[in-house]
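S.K.: Quick one: sequence and predicted model below, then my questions.
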Amino acid sequence: MSPNDIIRVAVTVAVAQAGCDLLSTKLVFSKEPYTRAVSALKRAGVKRDKAKSGEAPVAGKSAASIKAADKYAKKVQRAEDDYGEAAAEVAKRHTPPSFFTSLLFIILFRVLSAEYSGKVVAVLPFTPFGLLQRLSLRGLDAKAVGDFTGRGVSSAGQACAFMFVYILCTMSVKFYVNKLLGTKPPKGAEKGMMTVLEAPKSQRMLKSIGADFDINE
């Protein structure tokens, strides 16, 4: 058990996330296809807002008023569809980097977990209860806990295994590194694959294979 173990895990997580973010920016987000997709989304958003800002004609009993109301509704729907497709195109560009980052962290977890298997990595300043204690002690064997309590620590429950430290690092270090170096999807494409599935083309494809349901419900 050493402070260096905690620092090493935290630095490894930070370097891995920074590498993923920088590579994603270089290989995807700084390229013309992505910037063009973002520009198309912005234009579609302006077009949609302009279409919705107009005063909707009231559908009366006359054929002319009904036709005008129907024309307005179709115009708004086309603008919404164009915006949905543009948002889906941007979201698609974020999917591969997210997938490979997740895959890398799964591999990283397996490698570090094997290295720190059964070892006490840190000491908690308190004795956790219930589920939190089961999580903090997960992966520790009886010998490691016995050696730990033999060092004058008041409670074996203060022992902390690698998994708990790793989870804390991914919730803090990984999050802030990504916030600093990562490229977030623009407004409208922030829901990832849900944005892709909600696009009109995806909805039509789902309906064609019998999956006739509304993602928004």
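M.R.: Happy to help now that I have it.

S.K.: Can you list the neighbours in contact with the strand or helix carrying Asp49?
M.R.: Here Asp49 sits within helix 32-53, counting by DSSP states H and E. Residues outside helix 32-53 that contact it (CB atoms under 8 Å, 6 or more residues apart in numbering): 28, 75-76, 78-80, 82-83, 85-87, 89-90, 93, 186-189. The C-beta positions use only the backbone N, C-alpha and C, and glycine is treated the same way.

S.K.: Take these and keep only those in strands.
M.R.: Judged by DSSP state E, the subset of the contacts of helix 32-53 located in strands is empty.

S.K.: Which of those residues fall within helices?
M.R.: Here DSSP state H is the test, and the contacts of helix 32-53 give 75-76, 78-80, 82-83, 85-87, 89-90, 93 as lying in helices.

S.K.: mind checking pLDDT for Ala63?
M.R.: Note for Ala63: predicted pLDDT of 71.

S.K.: for the one 10 residues further on, same thing?
M.R.: Ala73 carries a pLDDT value of 84.

S.K.: tell me which helix or strand of the chain sits lowest on mean pLDDT?
M.R.: helix 142-149 (a mean of 57; mean pLDDT, DSSP states H and E).

S.K.: Buried by neighbour count: which residues of stretch 89-108 qualify?
M.R.: Residues of stretch 89-108 classed as buried by neighbour count (16 or more other CB atoms under 10 Å): 89-94, 97-98, 101, 105, 108.

S.K.: between those residues, which is nearest Ile167?
M.R.: Phe105 (11.4 Å; CB to CB).

S.K.: can you tell me the helix or strand for the closest one?
M.R.: Using DSSP H and E, the element containing Phe105 is helix 63-115.

S.K.: Can you list the helices and strands that that helix packs against?
M.R.: Applying 3 or more CB pairs under 8 Å, 6 or more residues apart in numbering; DSSP states H and E, we find helix 63-115 packed against helix 3-24, helix 32-53, helix 162-171, helix 193-198, helix 200-208.

S.K.: is it possible to export these to CSV including distance to Leu140 and mean pLDDT?
M.R.: Converted to CSV, the helices and strands packed on helix 63-115 look like this (distance: least, CB to CB, whole Å; pLDDT from 0 to 100):
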stretch, distance to Leu140, mean pLDDT
helix 3-24, 13, 93
helix 32-53, 45, 92
helix 162-171, 9, 89
helix 193-198, 37, 88
helix 200-208, 46, 84
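
S.K.: I'd like those laid out as JSON lines, including distance to Ala114 and mean neighbour count.
M.R.: Formatted as JSON lines, those follow (distance: least, CB to CB, whole Å; neighbours: other CB atoms under 10 Å):
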{"stretch": "helix 3-24", "distance to Ala114": "13", "mean neighbour count": "16"}
{"stretch": "helix 32-53", "distance to Ala114": "37", "mean neighbour count": "15"}
{"stretch": "helix 162-171", "distance to Ala114": "10", "mean neighbour count": "18"}
{"stretch": "helix 193-198", "distance to Ala114": "31", "mean neighbour count": "17"}
{"stretch": "helix 200-208", "distance to Ala114": "40", "mean neighbour count": "13"}
